[in-house]
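Peer 1: Have a look at this prediction, sequence included:
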Amino acid sequence: MGEVLEEYGIKLNVVNEYGTSRQCSICNMKHENGRVKRGLYVCQATGIKINADLNAARNIAKRVGYEAPMPRKILSYIVTTNGVKPLTPKEGVTTKTPKINPTSPR
């Protein structure tokens, strides 16, 4: 795999992932109980919640010298028969199923 990447000018950094899911990518401390349930990591120092896989990926990036910025709040959506419906409403957005405009392209 490394040879193929090298042919295309891509450098491969092999990183030991041990401990990356216990390490907090927010405050850099190890929180033994930071992963509170599958998919959720909570920083015990700040209370900030982050996806557990994203937390580990940020830690891996830090190990090779990248500084991964904190993600902005991402809304979740579900596809319905009448279009796309937001699951996490924000100001001015409704959770009601949107109507499809028959003249708009899909």
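Peer 2: Perfect, I can see it now.

Peer 1: Could you list the low-pLDDT ranges of this structure?
Peer 2: By pLDDT under 70, the low-scoring segments of the chain are 73-77, 86-106.

Peer 1: all helices of it, in order?
Peer 2: Under the criterion DSSP state H, the chain contains helices at 2-7, 52-63.

Peer 1: Deepest-packed of those helices, please.
Peer 2: The highest average neighbour count among these, using mean count of other CB atoms under 10 Å, belongs to helix 52-63 at a mean of 18. The way it works is simple: take the backbone N, C-alpha and C, and place the C-beta from them, glycine included.

Peer 1: Can you list the neighbours in contact with it?
Peer 2: Residues outside helix 52-63 that contact it (CB atoms under 8 Å, 6 or more residues apart in numbering): 15-17, 19-21, 23-26, 34-35, 38-41, 67-68, 71.

Peer 1: How many neighbouring residues does Y18 have?
Peer 2: If you count neighbours by other CB atoms under 10 Å, Y18 ends up with 8.

Peer 1: Against T80, how distant is it?
Peer 2: As for Y18, its distance to T80 is 42 Å (criterion: CB to CB, to the nearest Å).

Peer 1: Same check on G2?
Peer 2: Distance, G2 to T80, by CB to CB: 44 Å.

Peer 1: Break this protein into its domains for me.
Peer 2: With automatic domain parsing serving as the domain definition, the record reports that the chain contains domains spanning 2-63, 73-106.
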